[in-house]
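S.K.: sequence-free structure coming up:
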């Protein structure tokens, strides 16, 4: 390194160029340059590490979410079977489910096939028992879903747990509405038979009382068939 080079470097470092740079001065200058370069590499390294860690965490979140979605579908399907819905409802190619009450009522009475009758009766009783305590039911859904997904609760973030609990509440309500819908659809269909035989209702003081009596009688028939209260 020439004298001019040493002066230039020393000037960049803020040194006094009026005096001759010593070996210690040059070593100090080089250490500053090395430290500055090292800081740049350290910052770049930590930025890279942070970005990589965030990417890994996002991949884990996505994988957990996928596992939970599939597990939720399985849990829901298990409850559909438990409540006898699959024996009565028809699933379309688009995934929608429908129920034809007319196919299960004959002569003003329920005319379910033996297997469907057993599934409807046992399923309605199970649904009434489960939905009498929705807190316990939600806990059961969570435990079943986590087991199916192969995940422990400690493996989930707080956001994932909140998302899972929200999904469980939504799917439980959908299941309740489906089970209730089947029961009410059959009751409505039975009302037609009751209306065709108004003498079975006795005297009613007015049209409103008559409508209430028809509704009550149809629900009584459903309750008699299933051996349990209908869902609210």
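M.R.: Happy to help now that I have it. Everything quoted here is computed from the prediction, not taken from an experiment.
S.K.: pLDDT-wise, which helix or strand of this structure ranks last?
M.R.: Every helix and strand in the chain was compared by mean pLDDT, DSSP states H and E; the lowest is helix 3-12, with a mean of 55.
S.K.: any idea where the strands of this structure begin and end?
M.R.: Assigned by DSSP state E, the strands in the chain fall at 90-91, 97-98, 105-106, 109-110.
S.K.: can I get the ones you listed in CSV with mean pLDDT and distance to residue 151?
M.R.: (C-beta placed from N, C-alpha, C; glycine too.) Shown next, in CSV, are the strands of the chain (pLDDT from 0 to 100; distance: least, C-beta to C-beta, whole Å):
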stretch, mean pLDDT, distance to residue 151
strand 90-91, 82, 28
strand 97-98, 85, 28
strand 105-106, 86, 45
strand 109-110, 82, 42
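S.K.: Grab the most central residue of the chain for me.
M.R.: Compute the mean C-alpha point of the chain, and by C-alpha atoms, centre = their mean the closest residue is residue 167, 2.4 Å away.
S.K.: what's it in contact with, if anything?
M.R.: By C-beta atoms under 8 Å, 6 or more residues apart in numbering, the contact list for residue 167 reads 68, 72.
S.K.: gap between it and residue 66?
M.R.: Spatial separation of residue 167 from residue 66 under the definition C-beta to C-beta, to the nearest Å is 13 Å.
S.K.: Any regions of this structure where pLDDT drops low?
M.R.: Scanning the chain with the threshold set as pLDDT under 70 gives 1-30, 33, 41, 44-61, 196-205, 207.
S.K.: now the helices for it?
M.R.: For the chain, applying DSSP state H gives helices covering 3-12, 23-82, 114-130, 134-149, 158-195, 207-226.
S.K.: Nearest to residue 96 among the ones you listed would be which one?
M.R.: helix 158-195 (11.3 Å; C-beta to C-beta).
S.K.: re the thing from before, which one, of the strands of the chain, ends up nearest to residue 143?
M.R.: strand 97-98 (25.6 Å).
S.K.: before we move on, back to that, for the strands of the chain, could you give me a markdown table that also reports mean neighbour count and distance to residue 43?
M.R.: Shown next, in a markdown table, are those (neighbours: other C-beta atoms under 10 Å; distance: least, C-beta to C-beta, whole Å):
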| stretch | mean neighbour count | distance to residue 43 |
| --- | --- | --- |
| strand 90-91 | 12 | 57 |
| strand 97-98 | 12 | 57 |
| strand 105-106 | 16 | 75 |
| strand 109-110 | 15 | 75 |
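S.K.: Now render those as a markdown table, adding distance to residue 71.
M.R.: Output for the strands of the chain, formatted as a markdown table (distance: least, C-beta to C-beta, whole Å):
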| stretch | distance to residue 71 |
| --- | --- |
| strand 90-91 | 20 |
| strand 97-98 | 20 |
| strand 105-106 | 37 |
| strand 109-110 | 35 |
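S.K.: out of those strands, which comes closest to residue 174?
M.R.: Closest to residue 174 of the strands of the chain, according to C-beta to C-beta: strand 97-98, at 10.1 Å.
S.K.: tell me what the closest one is packed against?
M.R.: In terms of contacts (3 or more C-beta pairs under 8 Å, 6 or more residues apart in numbering; DSSP states H and E), strand 97-98 is packed against strand 90-91.
S.K.: What strands line up against the strand it packs on, and which way round?
M.R.: Paired strands of strand 90-91, with direction, are strand 97-98 (antiparallel) (DSSP bridges).
S.K.: Name the surrounding residues that touch the strand it pairs with.
M.R.: Strand 97-98 is contacted by residues 85, 89-92, 178 when judged by C-beta under 8 Å, 6+ apart.
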